[in-house]
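[1] Everything below, folded, please.
(chains A, B and C)
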Amino acid sequence: MPELPEVEVVRAGLEPAVTGATISSVTVLEQRSLRRHSGPSEDFVARLTGRGILGAVRRGKFLWLPLADSPAGESEALVVHLGMSGQVLLRAVGAPNDGLLRITFGLEHPQHGAVRMDFVDQRIFGSMAIDDLVPTADGLPAGLGSDAALVPAQVAHIARDPLDPAFSDSGFFAALAKRRTGIKRALLDQGLISGIGNIYADESLWAARMHFDEPTNTLGRARAKTLLAEVRLVLVRALGEGGTSFDAQYVNVNGASGYFSHSLNAYGQQGKPCPRCGRPLVRESFMNRNSHFCSFCQRMRVPATSP
DNA sequence: AGCGAGCCCTGCGCGC
DNA sequence: TGCGCGCAGGGCTCGC
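    Numbers count the residues shown, from 1 in each chain, chains lettered A, B, ... in the order given. Now for the predicted structure:
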């Protein structure tokens, strides 16, 4: 469950269950799910077993669980990226294993007792890793879920997401004005603004009535503001509905689906009438993926030339 | 700097 | 019923 709302649903579901819990056991069933971990699976298991979990933090599509008792004062965290098809599920001890289970943790919580935390991932684009926490560049809290200004080293290059109170709107507008690229490319660039993927990029652009390939440097401050406002609106609405689920793949920690797929205006709606103007929505190949949009409402805007 | 291509993968739904 | 194809929410690296 990839984009910000889906990852936030997972974070919020994990937070009460894992904060204060101790990892009693770790079993790695699929080595490739540790692609982002620097050591072998034995190292991963040995370093996690017996450790306490301090919370659940998210920036963009990255999730991490800060760990207690880090060696030599170095702060460490268990970093999770769901990739295209990853899930983190909380299950009763003894529940049957999912066929796509890659890594499983036994957790012991002082109040809630024993629970299992399962990392399930069909395509293995997702991964887990132990990583060092490093200070944030701006000294502000790294993401949602913790006040600590510490971010996993492998997440440090990821920009803040638009729901982060420390996200700089003016910094984002300035970066857009400086870049020579298309607006959807910019929205999908996790180093510029994080958390947005193909679904919410298309939904935001539809809401803002912008063509996906409109150049960022001629967008102008007012239209950039409109776009950012629509991005936030779409993300918040999707979060309110538990994220977007097209099938059983994208679920919360209890395995339940979100409902935002019923609210999609553009993504996956090719051939259907545009909810605004009634003309058929189209799908166009873009960046090895697809863009879904209304070719009437979202016409390429020709920037006004100075007289 | 920015971009396209390639790569990492499995499983599903569809048309034949 | 079975097979092959196209498709899928992401991100990293490389060469131009």
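[2] for A:Arg47, helix, strand, or coil?
    Following DSSP: H, G, I helix; E, B strand; the rest coil, the label given to A:Arg47 is helix.
[3] which ones are touching the residue nearest to A:Phe296 when sequence neighbours are not counted?
    Spatial nearest neighbour of A:Phe296, chain neighbours left out: A:Arg279 (4.8 Å); criterion: CB to CB, 6 or more residues apart in numbering. Where C-beta positions appear, they are placed from N, C-alpha and C, glycine not excepted. A:Arg279 makes contact with A:Pro273, A:Cys294, A:Ser295, A:Phe296, A:Cys297, according to CB atoms under 8 Å, 6 or more residues apart in numbering.
[4] My read is that A:Asp202 contacts A:His292, right?
    Yes: counting by CB atoms under 8 Å, a contact exists between A:Asp202 and A:His292, whose distance comes to 4.8 Å.
[5] Show me where chain A has its helices.
    In chain A, the segments counted as helices under DSSP state H are A:4-18, A:41-48, A:169-178, A:183-188, A:198-207, A:221-240.
[6] Need the nearest residue in space to the residue nearest to the spatial centre of chain A, chain neighbours excluded.
    Geometric centre of chain A, nearest residue: A:Lys61, 1.9 Å, by CA atoms, centre = their mean. Closest residue to A:Lys61 apart from its sequence neighbours, by CB to CB, 6+ apart: A:Val7 at 5.1 Å.
[7] Relative to DNA strand C, how far out is that neighbour?
    9 Å (CB to the nearest atom of the strand, to the nearest Å).
[8] out of the contacts of A:Arg279, which is most surrounded?
    Neighbours here mean other CB atoms under 10 Å. Within the contacts of A:Arg279, the largest count is held by A:Cys294, at 24 neighbours.
[9] In contact with that residue, which residues?
    A:Cys294 sits next to A:Trp206, A:Ala266, A:Cys274, A:Arg276, A:Cys277, A:Arg279, A:Leu281, A:Val282 when contact means CB under 8 Å, 6+ apart.
[10] mind listing what whichever residue of the stretch 201-307 of chain A sits closest to DNA strand C touches?
    Going by CB to the nearest atom of the strand, DNA strand C is nearest to A:Phe246 of the stretch 201-307 of chain A, at 3.5 Å. For A:Phe246, the contact set (CB under 8 Å, 6+ apart) comprises A:Ser261, A:Gly268.
[11] Please state the backbone phi and psi of it?
    phi -100, psi -20 (degrees, to the nearest 10).
[12] Same question for A:Asp189.
    Dihedral angles (degrees, to the nearest 10) for A:Asp189: phi -80, psi 100.
[13] Take the helices of chain A and lay them out in a markdown table including mean pLDDT and mean neighbour count.
    Output for the helices of chain A, formatted as a markdown table (pLDDT from 0 to 100; neighbours: other CB atoms under 10 Å):
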| stretch | mean pLDDT | mean neighbour count |
| --- | --- | --- |
| helix A:4-18 | 96 | 23 |
| helix A:41-48 | 97 | 16 |
| helix A:169-178 | 95 | 15 |
| helix A:183-188 | 96 | 22 |
| helix A:198-207 | 96 | 25 |
| helix A:221-240 | 96 | 18 |
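[14] And the average pLDDT for stretch A:55-72 is what?
    For stretch A:55-72, mean pLDDT is 93.
[15] Assess the claim that the residue nearest to the centre of chain A and A:Leu4 are in contact.
    Yes: here A:Lys61 reaches A:Leu4: they are 6.4 Å apart, a contact under CB under 8 Å.
[16] Between these two, which contacts overlap?
    Listed contacts common to A:Lys61 and A:Leu4 are A:Ser194, A:Gly195; contacts here mean CB under 8 Å, 6+ apart.
[17] Contact residues of the stretch 1-150 of chain A facing DNA strand C?
    For the stretch 1-150 of chain A, the residues in contact with DNA strand C (CB under 7 Å from any atom of the strand) are A:Met1, A:Pro2, A:Glu3, A:Gly60, A:Lys61, A:Phe62, A:His81, A:Gly83, A:Met84, A:Ser85, A:Arg123, A:Phe125.
[18] Please list which of these are also close to DNA strand B.
    Applying CB under 7 Å from any atom of the strand to these, those adjacent to DNA strand B are A:Arg123, A:Phe125.
[19] Now, of the residues of the stretch 1-150 of chain A next to DNA strand C, which are buried?
    The neighbour-count criterion (16 or more other CB atoms under 10 Å) marks A:Met1, A:Pro2, A:Glu3, A:Gly60, A:Lys61, A:Phe62, A:His81, A:Gly83, A:Ser85, A:Phe125 among these as buried.
[20] what's the neighbour count on the closest residue to the second one other than its chain neighbours?
    Meaning A:Pro2. Spatial nearest neighbour of A:Pro2, excluding adjacent residues (CB to CB, 6+ apart): A:Gly197 at 5.3 Å. Each residue near A:Gly197 was counted by other CB under 10 Å, and the total is 22.
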